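Peer 1: pasting the sequence and the predicted model now:
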Amino acid sequence: MLAQQLTETSYDCVVIGAGIRLPPPSLHLFEKIVNPVHRGAARAAIAFNTPPEHTVAAMGRWVGKD
């Protein structure tokens, strides 16, 4: 579903949250998300947040920085 969504729309930035990234048991899930994002939205920045409230700030670090 992620790969399909990435091909249907153009994104400036994709934010991957800490809930996917930080718990060690989630490492494989993190890889399963990052690799399709990298392939499907190769021109998009990839940003990371910690709490959900930091999503906009994470995106803001990369969007429009080219």
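Peer 2: Received, thanks.
Peer 1: what comes up buried for the lowest-mean-pLDDT helix or strand in the chain?
Peer 2: Scoring the helices and strands of the chain by mean pLDDT, DSSP states H and E places helix 18-21 at the bottom, with a mean of 80. The neighbour-count check on helix 18-21 (16 or more other CB atoms under 10 Å) flags Arg21 as buried. In this view, the C-beta of every residue, glycine as well, is placed from N, C-alpha and C.
Peer 1: packing partners for that helix?
Peer 2: Counting contacts by 3 or more CB pairs under 8 Å, 6 or more residues apart in numbering; DSSP states H and E, helix 18-21 packs against helix 27-40.
Peer 1: quick one: name whatever helix or strand follows the helix it packs on.
Peer 2: For helix 27-40, the following helix or strand on the C-terminal side (DSSP states H and E) is strand 45-48.
Peer 1: any stretches of this protein with poor pLDDT?
Peer 2: Counting by pLDDT under 70, the chain contains low-confidence ranges at 65-66.
Peer 1: switch to 90 and redo it
Peer 2: 1-33, 35, 38-39, 42-43, 50, 64-66 (pLDDT under 90).
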